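Enquirer: Using only what follows, build the 3D model:
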Amino acid sequence: MRVQPRDRVIAAGSPTWRERFRLLPRPARLLAFVLFLSALAPGLLEIHATVIDPRGSTLAGALAQRPVVASLVSLAMAIGALLILERPRSLSPRAYARQLRARALEIQADFDGALRRRAHEEEESRHGPSQPPDP
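Expert: Predicted structure coming up:
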């Protein structure tokens with residue numbers, strides 16, 4: 001059997017993206033959700049301006065008439081969410097960048113560990129618990 005690039009190959013017991021997303025800590029999931037919403041904001045404003053308010057009489061319609069401003073609002077949302085969810089320990093931008101990098105590595109290590117534990121638990125449930133060695 002030949003696998004085509006468009007085909008999805010998922011091994012038995014391989015976690016779906018939803019299961020993987022649930023393994024992330026709650027603050028990381030919240031940050032990912034807020035960043036996703038901030039990335040959607042300019043497009044949603046454009047849809048609002050096109051469909052609901054073509055004259056730009058509301059605040060959303062006025063923002064959609066100025067895409068640069070809409071993008072800046074989106075960027076401010078993303079930066080604000082990052083600053084709220086991962087508070088800086090100092091005023092130095094370099095120190096904050098190191099703090100964010102260390103936090104990302106910590107989350108990645110926890111996530112990888114959770115994936116390994118999940119795979120181990122699934123293997124044990126399929127084959128039964130491993131027997132302790134005889135003394």
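Enquirer: For the rest of this, base every contact and every neighbour count on C-alpha atoms.
Expert: Fine.
Enquirer: Could I get the buried residue list for the helix or strand bottoming out on mean pLDDT in the chain?
Expert: The weakest-scoring helix or strand in the chain, judged by mean pLDDT, DSSP states H and E, is helix 59-65 (a mean of 77). Buried residues in helix 59-65, defined by neighbour count with 16 or more other CA atoms under 10 Å: 60-65.
Enquirer: by contact count, what packs against whichever strand or helix holds residue 125?
Expert: According to DSSP states H and E, residue 125 maps onto helix 93-127. Under the contact criterion of 3 or more CA pairs under 8 Å, 6 or more residues apart in numbering; DSSP states H and E, helix 93-127 touches helix 17-23.
Enquirer: Just the residues contacting the helix it packs on, thanks.
Expert: Helix 17-23 is contacted by residues 29, 111, 114-115 when judged by CA atoms under 8 Å, 6 or more residues apart in numbering.
Enquirer: ok so, going back, for the least confident helix or strand of the chain, the distance to its chain's centre please.
Expert: Here helix 59-65 is found 27 Å from its chain centre; the criterion is CA atoms, centre = their mean, to the nearest Å.
Enquirer: Quick check: what element follows that helix along the chain?
Expert: helix 67-85.
Enquirer: And that next one, what does it pack against?
Expert: Counting contacts by 3+ CA pairs under 8 Å, 6+ apart, helix 67-85 packs against helix 26-51, helix 59-65.
Enquirer: Show me how far stretch 79-99 is from its chain's centre.
Expert: The answer for stretch 79-99 is 18 Å, by CA atoms, centre = their mean.
Enquirer: and the gap between the residue nearest to the spatial centre of the chain and residue 46?
Expert: Centroid-nearest residue in the chain, with CA atoms, centre = their mean: residue 32, separated by 3.1 Å. Distance from residue 32 to residue 46, counting by CA to CA, to the nearest Å: 22 Å.
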